[in-house]
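K.L.:
Show me how the following folds:
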Amino acid sequence: MRTGSSRLFRIFLHSFRALLNQKGKAVLMMLGTAVGIMLLTGVVGMSRGVENRIQEMMKAFGPRSGMIFAGGGRLSTAGGRAGSGATLKLQDVDALRERLGDKTVFSASLRREGISVRYEGQTTDTQVFAVDADFGIVGEWEVAAGEPIDSYDLKNMSRVCVVGATLARNLFFDEDPLGKRILVNKVPFTVKGVLASKGTNPMGFDLDDCAWIPLSTGMRRVFHVDNIRGARFKVREGFEIPEVKK
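P.N.:
Residues are numbered from 1 along each chain as shown. Have a look, this model is predicted:
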């Protein structure tokens, strides 16, 4: 035991003297190790933060809802992950409706942030959703005044919109928004409805600062695209998400 302890002590003493003789290298080595640990901790923390944020966003859809994203056909629900891309077409969503319409309500949409919206002399930037007639059903979002986007608006590429409570307040103040004409990205729209207030999401984002326009109008006259990034869905009563996912 003494021989072993003595040997360990001599090894420790020799190592300590070597470090003293190479102070510069020792300091750089320890500094490099510390920086490496800090960077690794930061990366792990960031990845966990992003994952938690995604899960919070997905939970906001509700336990029976989720999204399908373009780019690999992966499905995302609360706790799931998804790809991204520009390969999802309206025909794909129609095919999903045809195959799973008895179990699930699907809604195709586009979303753009920082879109300029103007009413008379008042201008603000907001997020604009180009939506189909089932967007409110899937998102469990009701219209408090006026009418929602409907199938007639989609078929005729109508220039009508539904505004959120915050956007209505920012543009119209105390005026009644219904029937007013606004410019969305320099394209004229008539306000046909005002959404019920939803407040803020878990990240503190104002959900009421938005405008909805018909999907057909948005794709062809405002955003000039022929694809969508994703489709929301809500599983009907009597069915479960695993059934739909399979």
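K.L.:
how about the strands in the chain?
P.N.:
Under the criterion DSSP state E, the chain contains strands at 65-69, 75-76, 104-119, 122-131, 143-146, 160-163, 181-184, 187-195, 210-214, 230-235.
K.L.:
which of the ones you listed is buried the deepest?
P.N.:
Ranked by mean neighbour count under mean count of other CB atoms under 10 Å, the strands of the chain are led by strand 160-163, which reaches a mean of 28. No exception for glycine: its C-beta is placed from N, CA and C like everyone else's.
K.L.:
Which strands or helices does that strand pack on?
P.N.:
In terms of contacts (3 or more CB pairs under 8 Å, 6 or more residues apart in numbering; DSSP states H and E), strand 160-163 is packed against strand 181-184, strand 187-195, strand 210-214.
K.L.:
Let's test this: mean pLDDT of it, rounded?
P.N.:
What strand 160-163 shows for mean pLDDT is 98.
K.L.:
now the end-to-end length of stretch 173-182.
P.N.:
The straight-line separation of the ends of stretch 173-182 (CA to CA, to the nearest Å) is 14 Å.
K.L.:
same question, stretch 229-244
P.N.:
Stretch 229-244: ends 20 Å apart by CA to CA.
K.L.:
Any idea how many residues pack against the residue nearest to residue 187 when sequence neighbours are not counted?
P.N.:
Leaving out its chain neighbours, the residue that sits closest to residue 187 by CB to CB, 6 or more residues apart in numbering is residue 222, at 5.4 Å. By other CB atoms under 10 Å, 21 other residues sit near residue 222.
K.L.:
Find me the pLDDT at residue 222, would you?
P.N.:
95.
K.L.:
which stretch in the strands of the chain has the least confidence?
P.N.:
strand 75-76 - the lowest mean pLDDT of the strands of the chain, at a mean of 50.
K.L.:
I figured residue 135 hits residue 153, correct?
P.N.:
No: Residue 135 is beyond contact range of residue 153, at 11.6 Å (criterion: CB atoms under 8 Å).
K.L.:
ok, these two, which is more surrounded?
P.N.:
residue 153 (24 against 20).
K.L.:
how near is the more buried one to residue 163?
P.N.:
15 Å (CB to CB, to the nearest Å).
K.L.:
Likewise for residue 186?
P.N.:
Noted for residue 186: a distance of 17 Å to residue 163, by CB to CB.
K.L.:
if we can go back for a sec, could you export the strands of the chain as TSV, including distance to residue 170?
P.N.:
Formatted as TSV, the strands of the chain follow (distance: least, CB to CB, whole Å):
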stretch	distance to residue 170
strand 65-69	28
strand 75-76	32
strand 104-119	9
strand 122-131	5
strand 143-146	17
strand 160-163	9
strand 181-184	11
strand 187-195	13
strand 210-214	11
strand 230-235	26
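K.L.:
In TSV: the helices and strands packed on strand 160-163, plus distance to residue 65.
P.N.:
Output for these, formatted as TSV (distance: least, CB to CB, whole Å):
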stretch	distance to residue 65
strand 181-184	27
strand 187-195	18
strand 210-214	18
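K.L.:
who wins for proximity to residue 202 among these?
P.N.:
strand 210-214 (17.0 Å; CB to CB).
K.L.:
Pull out the C-alpha coordinates of the closest one and format them as CSV.
P.N.:
Written as CSV, here are the backbone C-alpha positions of strand 210-214 (Å, rounded to 0.1, in the frame of the first residue of the first chain):
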residue,chain,number,x,y,z
CYS,A,210,-52.9,39.6,-38.3
ALA,A,211,-55.0,39.6,-41.4
TRP,A,212,-56.6,36.7,-43.3
ILE,A,213,-57.1,36.7,-47.1
PRO,A,214,-58.4,34.0,-49.4
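K.L.:
Pull up the pairing partners for that strand, direction included.
P.N.:
strand 122-131 (parallel), strand 160-163 (antiparallel) (DSSP bridges).
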